[in-house]
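Asker: predicted model and sequence below, questions to follow.
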Amino acid sequence: MAKKAKKENAAPEVDVTGLLRLPQGPVDLSAYDPRATPGFGGDKDAGKVALAERGPRLADLQERLFAHGRTGGKQRVLLVVQGMDSSGKGGTIRHVVGQVDPQGVAIRSFRAPTKEELAHDFLWRIRKAVPGPGMIGVFDRSHYEDVLIARVQQLVEPRVWSRRYAAINRFEERLAASSCHVVKVFLHISPEEQRERLMARLDDPTKHWKYNPGDIDQRGRWLDYQVAYAAALEKCNTSAAPWHLVPADRKWYRNWAIMALLLEKLDSLDLEWPPADFDVAAEKERLAAT
């Protein structure tokens, strides 16, 4: 992914996955522009049109995946969305994943673990939420919280969270080996944009329910979170489950980019409609006779 580069011309053949995939090695988040639009050369209006135009294709591919799973196939997709508060995790689900048949989608949001969950290892509740065959699973926050907030808020000792990177990599490698295609997205937002979005929630009484006073406390540890995110992005950026960095200051681009990532992943599965396991002509005759 180009760092703070000029916008690239949008084209049908653009490889958005390749543009947004983080290179392996140390990660410097300050080198990436949160307002960039890699792979798309248009403006906000053009981005919204492009998103709407791609919606039917995403719905078609999701239905093929669902049909595949209902006829013995094992393929499934897991979208992992991470980012600072107000970076757009919920918006992504609403504007992108919301365009497909909900019966083929399983959405989970991982908050503070329950007493039962704390009695098990940190991946126990995650394993239970992995999507089944034919499904698109979405993690709004995920197992990465256990090397992010757990690290910054010192919920566990360093020797505990430092071992979790390797455990996460093994877990994701096993997912990939079992036909679960993991698409990991880090929504890269600037502190200035976050401030505007939080202020907008305070200015709108219909958005007060979305506001959490604790968000301001978390803003005070912005640099700590950037360090924690950079470590997670570096240490868990594997060939089996690579990270993609999506600039998130522009909501319309964020939505377009994640739509593109999902489309490219589903397209790569080469899913065909499952053939009938019955005699179609004979069934037509039977139906006509009723």
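Answerer: Done, it's in.
Asker: check which helices and strands the helix or strand of the chain with the lowest mean pLDDT sits against.
Answerer: Here the helix or strand of the chain ranked lowest by mean pLDDT, DSSP states H and E is helix 214-219, holding a mean of 88. Helix 214-219 is packed against helix 191-203, with contacts defined by 3 or more C-beta pairs under 8 Å, 6 or more residues apart in numbering; DSSP states H and E. Every C-beta, even on glycine, is put in place using the N, C-alpha and C of the backbone.
Asker: mind checking how far the longest helix anywhere in the chain is from the chain centre?
Answerer: Criterion DSSP state H: the longest helix present in the chain is helix 44-70. Mean-position distance between helix 44-70 and its chain equals 15 Å (C-alpha atoms, centre = their mean, to the nearest Å).
Asker: residue boundaries of the helices in the chain?
Answerer: Secondary structure of the chain by DSSP H: the helices cover 16-20, 44-70, 89-95, 115-118, 124-128, 149-152, 158-177, 191-203, 214-219, 222-235, 251-268, 280-288.
Asker: tell me which of the ones you listed sits most buried.
Answerer: Most buried of the helices of the chain, by mean neighbour count (mean count of other C-beta atoms under 10 Å): helix 251-268, with a mean of 21.
Asker: what's the angle from it to helix 44-70?
Answerer: 30 degrees (axes from the mean of the first three to the mean of the last three C-alpha atoms, to 10 degrees).
Asker: mind giving me the packing neighbours of helix 251-268?
Answerer: helix 16-20, helix 44-70, strand 76-83, helix 89-95, strand 180-188, strand 243-247.
Asker: what angle sits between it and strand 76-83?
Answerer: 160 degrees.
Asker: what is the mean pLDDT for helix 251-268?
Answerer: Averaged across helix 251-268, pLDDT comes to 97.
Asker: who touches it?
Answerer: The contact list for helix 251-268 (C-beta atoms under 8 Å, 6 or more residues apart in numbering) reads 15-17, 20, 37-40, 44, 47-48, 50-51, 54-55, 57-58, 61-62, 64-65, 77, 79, 81, 88, 91-92, 95-97, 136, 181, 183, 185, 187, 244, 246-248.
Asker: recalculate using a threshold of 6 Å.
Answerer: Helix 251-268 is contacted from outside by 16-17, 37, 44, 47-48, 50-51, 54, 58, 61, 88, 92, 95-96, 181, 183, 246, 248, using C-beta atoms under 6 Å, 6 or more residues apart in numbering.
Asker: same question for stretch 121-140.
Answerer: With contact meaning C-beta under 6 Å, 6+ apart, stretch 121-140 is reached by 65-66, 68-70, 73-74, 76-81, 89, 93, 97, 105-109, 117, 143, 146, 171.
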